[in-house]
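Student: Got a predicted model here, sequence first, then my questions.
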Amino acid sequence: MLIIDNHPLFIVGLSSLLEKIANINIIGTADNYSDALKIAERERPTLILMEIRLGKENGLDFIQRLKSISTESVILIISIFDERLYSERILRLGARGYVLKTKSEDTIMEAINTVLNKKIYLSGNERERIFHSDAENMDNEIKEDWTTSMQKLSNRELQVFSLVAKGLGTYEIAAKLKLSNKTIDTHKEHIKKKLCFKTAQELRQRAIEWANHSVLS
């Protein structure tokens, strides 16, 4: 098993739990996606436990890269971020489940056993939300919550939106994602259109608001 997280104490605690309760062999740990990819290429782990965001790194693109080099690996997201923001996306990309770090040891072990048995793991509330999402569509004039709004964005747009929330400008985002400034500006315009923002300033303010909303206390 491979653990990907940038909090050393969490890795130590999770490793201890897994070795004690499940007798699972941990073949490696990584605090960034680049190192994790090298380990995955070399070891082809059966199970990968990963945080969806490591600092400024976004895990959505990384899931696709992992699945392309290690198709048999089972990916479970263990995250501090609200599952409503990411669960549907990570399932479409090939991950098998999403569990919050704040959950009990029993719940985390249940999630691990579920995905290892080739099943999907989400919380009961999240399963209910996804199942009823079509029936819960409101009139367009009703203000949508963050969860619904974020589903409008592509993976790349969500990544750009996340970096805007961290205070990065067009040039910094372009350099980080290895894209042109024009491409980043185009993504920003698409985000503004999809989320009904009128100005660049409103985009920045709302991105920061979303970032603060998405991290669980």
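Tutor: Nice, I can see it. Numbering: from 1, shown residues only.

Student: CA atoms for contacts and neighbours, from now on please.
Tutor: Fine.

Student: What sits closest to the residue nearest the centre of the chain if chain neighbours are left out?
Tutor: Residue closest to the mean C-alpha point of the chain, counted by C-alpha atoms, centre = their mean, is residue 52 at 3.3 Å. The shortest distance from residue 52 to any residue that is not its chain neighbour, by C-alpha to C-alpha, 6 or more residues apart in numbering, is 4.7 Å, and that residue is residue 59.

Student: As a check, name the ranges of all helices in this protein.
Tutor: 8-17, 33-43, 59-69, 87-93, 105-116, 124-131, 146-150, 155-165, 170-177, 181-195, 200-214 (DSSP state H).

Student: which parts of the second one are buried?
Tutor: Spelled out, it's helix 33-43. Of the residues in helix 33-43, those buried under the neighbour-count criterion (16 or more other C-alpha atoms under 10 Å) are 33, 36-37, 39-40.

Student: One more: stretch 186-201?
Tutor: Of the residues in stretch 186-201, those scored as buried under the neighbour-count criterion (16+ other C-alpha under 10 Å) are 187-192, 195, 197.

Student: Convert the longest strand seen in the chain to PDB, retaining C-alpha atoms only.
Tutor: Counting residues, the longest strand found in the chain (DSSP state E) is strand 74-79. Below are the C-alpha coordinates for strand 74-79, written out as PDB (Å, rounded to 0.1, in the frame of the first residue of the first chain):
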ATOM      1  CA  VAL A  74      -7.300   0.800  -6.000                       C
ATOM      2  CA  ILE A  75      -7.400   4.500  -5.000                       C
ATOM      3  CA  LEU A  76      -9.200   5.700  -1.900                       C
ATOM      4  CA  ILE A  77      -9.200   9.400  -1.000                       C
ATOM      5  CA  ILE A  78      -8.700  10.200   2.700                       C
ATOM      6  CA  SER A  79      -9.200  13.900   3.000                       C
END
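
Student: Give me the helices and strands touching that strand, please.
Tutor: Counting contacts by 3 or more C-alpha pairs under 8 Å, 6 or more residues apart in numbering; DSSP states H and E, strand 74-79 is packed against strand 47-50, strand 97-100, helix 105-116.

Student: want to throw those into TSV with mean neighbour count, mean pLDDT and distance to residue 90?
Tutor: Output for the helices and strands packed on strand 74-79, formatted as TSV (neighbours: other C-alpha atoms under 10 Å; pLDDT from 0 to 100; distance: least, C-alpha to C-alpha, whole Å):
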stretch	mean neighbour count	mean pLDDT	distance to residue 90
strand 47-50	23	95	11
strand 97-100	26	95	8
helix 105-116	17	92	13
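
Student: Switch these over to CSV; also include distance to residue 155.
Tutor: Output for these, formatted as CSV (distance: least, C-alpha to C-alpha, whole Å):
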stretch, distance to residue 155
strand 47-50, 18
strand 97-100, 17
helix 105-116, 23
